[in-house]
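Build me a model:
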Amino acid sequence: ADLALAKALNDSQHVPILLAGHDHAVMDETCPYSKTRVLKAGSDAQNIFVVDCIWNDASCSEPKVHVEMVSTSVFEEDPAVREIVDLHHGVLEELEEARLFR
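Reported below is the predicted structural model:
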């Protein structure tokens, strides 16, 4: 679906980067029709994309784009964020055990 969206874009709607999600697969592909680069970092926050779009000056219509995929394992865990994640994960675990009908 994301590549189809990229394909539907034309020169007057050029989008250099399409950040996509909700897929488990990692994707870094450039649509051959629109030249839009489609990025998906994968699932479970294991990776992130660091994207720099640089316009050299006001007359520059097309930015230079630099993309780097980084594993989130290189970052130190934030205890406050871990607490929030654990709280919400606990709710999901309760739902997994819930009896939904008789």
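
who touches the lengthiest helix in the chain?
If you go by DSSP state H, the chain has its longest helix at helix 79-97. Outside of helix 79-97, no residue comes within contact range by C-beta atoms under 8 Å, 6 or more residues apart in numbering. Where C-beta positions appear, they are placed from N, C-alpha and C, glycine not excepted.

same question for it, mean pLDDT?
Helix 79-97 shows a mean pLDDT of 90.

For stretch 28-45, the averaged confidence score.
Mean predicted confidence for stretch 28-45 is 90.

how far out from the middle of the chain is it?
9 Å (C-alpha atoms, centre = their mean, to the nearest Å).

CA atoms only: put that stretch into PDB for me.
Output of stretch 28-45 as PDB, limited to C-alpha atoms (Å, rounded to 0.1, in the frame of the first residue of the first chain):
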ATOM      1  CA  ASP A  28      14.000   1.100   2.400                       C
ATOM      2  CA  GLU A  29      12.900   1.300  -1.300                       C
ATOM      3  CA  THR A  30      12.700   4.100  -3.800                       C
ATOM      4  CA  CYS A  31       9.600   4.000  -6.100                       C
ATOM      5  CA  PRO A  32      10.800   4.000  -9.700                       C
ATOM      6  CA  TYR A  33       7.800   6.100 -10.900                       C
ATOM      7  CA  SER A  34       7.800   9.000  -8.400                       C
ATOM      8  CA  LYS A  35      11.300   8.700  -7.000                       C
ATOM      9  CA  THR A  36       9.800   8.700  -3.500                       C
ATOM     10  CA  ARG A  37      11.800   6.800  -0.900                       C
ATOM     11  CA  VAL A  38       9.600   4.600   1.300                       C
ATOM     12  CA  LEU A  39      11.000   3.800   4.800                       C
ATOM     13  CA  LYS A  40       9.700   1.400   7.300                       C
ATOM     14  CA  ALA A  41      11.700   0.700  10.500                       C
ATOM     15  CA  GLY A  42      10.200  -2.700  11.300                       C
ATOM     16  CA  SER A  43       8.400  -3.800  14.400                       C
ATOM     17  CA  ASP A  44       8.600  -3.500  18.200                       C
ATOM     18  CA  ALA A  45      10.700  -0.400  18.100                       C
END
